[in-house]
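Asker: Task: produce atomic coordinates for the following.
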Amino acid sequence: MSMQDLIAKIAKGPRAAKDLTWDEAKRAMKALIEGEATSAQVGAFLMAMRIKMESVTELASMTATARSYVAPVPIPRELGVVDLPSYAGKQDTFHALAAAAVVAASAGASVLMHGYDGIPGREGNAGVLKALGLPVEMGPKAAAEAVAQHGFAYLDIALYHPPVYRFLEMRQELGVRNIFHPIARLLNPARASSQIIGLSHPPHFEKTAEVLRMLGSHRALVVSGVEGDPELSLTTLTRVLELRDERITPFSFAPRDIGLPLGAPRDMAGFPSDQRDKEADLLRRILHNQLQGGACHWVLMNAALILYAAGKGATWPSCVPLARRALECGAAAKKLEELSQEPVGIGVTG
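Answerer: Residues are numbered from 1 along each chain as shown. The predicted model follows:
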């Protein structure tokens, strides 16, 4: 089936358009990644798919095909690494996920965060991690070594999967997101047995859990997260779907479930892009247990979520004491210092 035929199938309008089969979606992805499609066909396909909306089968097939082009990040499976994608960027809130991942690592979790920092006006986690002194330009091999040795690494999608990165960059040219944004979240570079995926696009909530099940994921938490990142909210209920052993279960997580009061929006308030050092200072104070109250609570509850995904507790509330202990005993501060001593830029091409 030619690219013209594939485009015609999905671009016939709301009544006549049809979903692609698994094999057709795979054929489309190969044409996109391998450069068989012309520039006009690429734009037409991406926009037609956005208007039609991706089916579960299309998204699963295209993700599986994208995965096949790049070798997995070689992290030993016995580490039980948690896959933590971050592709939304922030406008209004600070990057609690960055601090939460450090706390979780200090409490025994292994975490691979991967992301993209190119959405105009939306700052990704890479910027604040870099301001904290953590390396953000490691290649896959170096990232695997960092996770094995220190429990955490950040992997830039551009250094792991250049073709997917190239299509993410097209958002700036097209003006809207495309199917590669959910695909990037689903890549799971280390083929981790546990994933936490955040999103804010309502049509993708249940769909993402179904895609993960189709892809054979053992365990995943799909979070209707703050600004699209995999973060629980401090100010309201957060919807979560848990996939475990092919069963999808809905939950609602709230601060009161773990004995914390609801916070105010100011507790999660972010910083302008030119004040990244101020945000890094906030996270550093939280990790050194020098700051109490809402901002600290927000990091704490999300660190507990990562620990829960890592299997460090049977429930989310049971992981809160682990995260709190890591902050109070200085383990989180020590982990930050340890991670910031990683050679910046090691293994950029590895």
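
Asker: What's the first helix or strand after the top helix by length along the chain?
Answerer: Assignment by DSSP state H gives helix 294-309 as the longest helix of the chain. Note on helix 294-309: by DSSP states H and E, the next helix or strand toward the C-terminus is helix 316-328.

Asker: on that earlier part again, helices or strands up against the longest helix of the chain?
Answerer: strand 82-86, helix 96-106, strand 194-199, strand 219-224, helix 276-287, helix 316-328 (3 or more CB pairs under 8 Å, 6 or more residues apart in numbering; DSSP states H and E). In short, each C-beta sits where N, CA and C put it, glycine included.

Asker: neighbouring strands for the first one, and are they parallel or not?
Answerer: Using DSSP bridges, the neighbouring strands of strand 82-86 in the sheet come out as strand 111-115 (parallel), strand 194-199 (parallel).

Asker: Now do that strand against strand 219-224, angle only.
Answerer: 30 degrees (axes from the mean of the first three to the mean of the last three CA atoms, to 10 degrees).

Asker: Grab the CA positions of strand 82-86 and hand them over as PDB.
Answerer: Only the C-alpha atoms of strand 82-86 are listed here, as PDB (Å, rounded to 0.1, in the frame of the first residue of the first chain):
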ATOM      1  CA  VAL A  82      11.000   2.800  36.200                       C
ATOM      2  CA  ASP A  83      10.400   4.500  32.900                       C
ATOM      3  CA  LEU A  84       9.600   8.200  33.400                       C
ATOM      4  CA  PRO A  85       8.900  10.100  30.200                       C
ATOM      5  CA  SER A  86       8.600  13.900  30.300                       C
END
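
Asker: Check which residues of it are buried.
Answerer: 82-86 (16 or more other CB atoms under 10 Å).

Asker: Same check on the longest one?
Answerer: By neighbour count, with 16+ other CB under 10 Å as the criterion, the buried positions of helix 316-328 are 316, 319-320, 322-324, 326-327.

Asker: what's that helix packed up against?
Answerer: Counting by 3+ CB pairs under 8 Å, 6+ apart, helix 316-328 packs on helix 96-106, helix 294-309, helix 331-340.

Asker: In TSV: the ones you listed, plus mean pLDDT and mean neighbour count.
Answerer: Converted to TSV, the helices and strands packed on helix 316-328 look like this (pLDDT from 0 to 100; neighbours: other CB atoms under 10 Å):
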stretch	mean pLDDT	mean neighbour count
helix 96-106	98	30
helix 294-309	97	26
helix 331-340	97	19
